[in-house]
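Trainee: Give me coordinates for this.
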Amino acid sequence: MEIWSGHKPSIRHCRTFGSIAYVYVPIVNRNKLQPKAKIGILVGYAVNRRGYRVWLPEERKVVESIHVKIDETKNGVKTLFGKVKHYDYAIYQLDQNLNNDSDCRAQDEKSSSPKKPSSLDISTWIRLEKPRKKSKKIDVYYYPPNKERLRSINDVKIYCERDKLMFDPNQFNFKPTITNTRLEEKSECDNETSSDTVDEASLVNDIFQHEIYMTEIPKTFKETQISPDKEKWDEAMSEEIKLMQNRKVWDLVEPKSNMKVLGCRWVYNIKHDEKNVKKYKSRLVAQGFKRRPGVDFTDVFAPLVNFDIIKFLFVLLVCILR
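Mentor: From the prediction side, this is the model:
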């Protein structure tokens, strides 16, 4: 396929047959007390559409669906039915006359003897802590020299056994050392599928995102004053104050005795432009949540732009200037 089309085919959809699979049940087919998914065993891929074929033991049938969550770390038969039955096979002894050549026997023993695994150089590996967008959980990944993403200690063990490397679990730490405090907007894609093999661009992006999260963003004004980037935060706050003064956002007046004065707070963030240059952003926002509707205010006004009126004003201006 790669030779014919010139593009490397994607294998992101490939999963291990026999793994535990959870098939999503639509809301119209269940009530609030019924489970959201049915447990089964992955047996293949859908024939006439995108999706997977899953065998449901409780219903004794095979279904096809694209809304499937697969757990490749668990064997379906062993999980649902207990231990896998093992069969003993008869062993037959060959005639010793068939193997009289001592040289051949020594060569066979040498070839059958397992090779000693080579040592693992952990300094050539990359460890990244990547916070999730939808939760405060932080994923820890290890990238060996071939840029394969390893998510757990079990993945590392399988990788070492496959490449015949010495496996030492004490060399790997999958516990995050940072806390995810940034609140991200909801992602457009509800179910993201990640690949075990990443290209160079994806690896560079992970490293870049990791560097952003490692930079501590202050939450309060006091934290900016003890931050190593204090001067940059002060400059960002000064720009915000000047911008509000130029736009005449507020007027300084004496509050009346029966008026409730709202507080304000600073919101800080670090952004990057097209050239990956850090920009320190500060926003001064009012604590409007302290106002109670019907008590402190009765109406809410939201400024909206009506483009039809703007077009009409431009046409009117042209007619007047003629």
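Trainee: Going by C-alpha atoms from here, please, whenever you check contacts or count neighbours.
Mentor: Noted.
Trainee: okay, S187: pLDDT?
Mentor: pLDDT, S187: 44.
Trainee: I'd like the numbering to begin with 51 instead of 1 from here.
Mentor: Okay, using 51 as the starting number, the last item reads as S237.
Trainee: now the helices for the stretch 51-200 of the chain?
Mentor: Secondary structure of the stretch 51-200 of the chain by DSSP state H, counting those that start in this stretch: the helices cover 52-55, 126-131, 152-162.
Trainee: Domain parsing of the protein, as residue ranges.
Mentor: Using the TED database, the domain parsing of the chain gives 51-131, 172-221, 267-371.
Trainee: so how far does the longest one reach from one end to the other?
Mentor: Chord length of domain 267-371, first to last residue, is 53 Å (CA to CA, to the nearest Å).
Trainee: Check stretch 107-119 too.
Mentor: Termini of stretch 107-119 sit 17 Å apart (CA to CA).
Trainee: Residues touching it, excluding its own?
Mentor: With contacts defined as CA atoms under 8 Å, 6 or more residues apart in numbering, stretch 107-119 is touched by 71-74, 90, 95-96, 100-106.
Trainee: Reformat the residues you listed as TSV; add distance to Q295, neighbour count and pLDDT.
Mentor: Output for the contacts of stretch 107-119, formatted as TSV (distance: CA to CA, whole Å; neighbours: other CA atoms under 10 Å; pLDDT from 0 to 100):
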residue	distance to Q295	neighbour count	pLDDT
A71	59	27	93
Y72	57	19	94
V73	57	25	93
Y74	54	16	93
G90	63	27	92
Y95	62	19	90
A96	62	15	88
R100	57	12	86
G101	57	17	90
Y102	59	25	93
R103	63	22	92
V104	63	28	93
W105	66	22	90
L106	66	18	92
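Trainee: Narrow those to those in strands?
Mentor: Using DSSP state E, the subset of those located in strands is 71-74, 90, 95, 102-106.
Trainee: So for the most centrally placed residue in the chain, what's the pLDDT?
Mentor: Centroid-nearest residue in the chain: R182, 5.0 Å away (criterion: CA atoms, centre = their mean). We note a pLDDT of 76 for R182 in this prediction.
Trainee: Report the mean per-residue pLDDT for stretch 317-326.
Mentor: 79.
Trainee: Pull out the buried residues from it.
Mentor: Buried residues in stretch 317-326, counted by 16 or more other CA atoms under 10 Å: 317-318.
Trainee: Now find how far off-centre that stretch is within its chain.
Mentor: With CA atoms, centre = their mean, to the nearest Å as the basis, stretch 317-326 stands 20 Å off its chain's centre.
Trainee: Also stretch 68-87?
Mentor: 23 Å.
Trainee: quick one: contacts of that stretch?
Mentor: 88-93, 104, 115, 117-127, 129.
Trainee: Go again with 10 Å.
Mentor: With CA atoms under 10 Å, 6 or more residues apart in numbering as the test, stretch 68-87 has contacts from 88-94, 102-106, 113-130.
Trainee: Please pick the buried ones from these.
Mentor: 88-94, 102-106, 113-115, 117-121, 125-126.
Trainee: doesn't L170 make contact with C210?
Mentor: Yes - applying CA atoms under 10 Å as the test, C210 and L170 come out as touching, 8.4 Å apart.
Trainee: What segments of this protein are strands?
Mentor: Counting by DSSP E, the strands of the chain are 69-74, 87-95, 102-106, 111-115, 118-125, 176-181, 188-193, 314-322, 328-336.
Trainee: among these, which is nearest W54?
Mentor: Evaluated over the strands of the chain, closeness to W54 peaks at strand 87-95, with 23.5 Å, by CA to CA.
Trainee: For that closest one, which strands pair with it and how are they oriented?
Mentor: strand 69-74 (antiparallel), strand 102-106 (antiparallel) (DSSP bridges).
Trainee: Quick one: distance of it to the chain centre.
Mentor: Counting by CA atoms, centre = their mean, strand 87-95 comes out at 24 Å from the chain centroid.
Trainee: Same question for stretch 52-65.
Mentor: Centre to centre, stretch against its chain (CA atoms, centre = their mean), the figure for stretch 52-65 is 23 Å.
Trainee: Can you point out the buried residues in that stretch?
Mentor: R65.
Trainee: With stretch 282-300 instead?
Mentor: Of all the residues in stretch 282-300, those buried under the rule 16+ other CA under 10 Å are 283-284, 286-287, 290.
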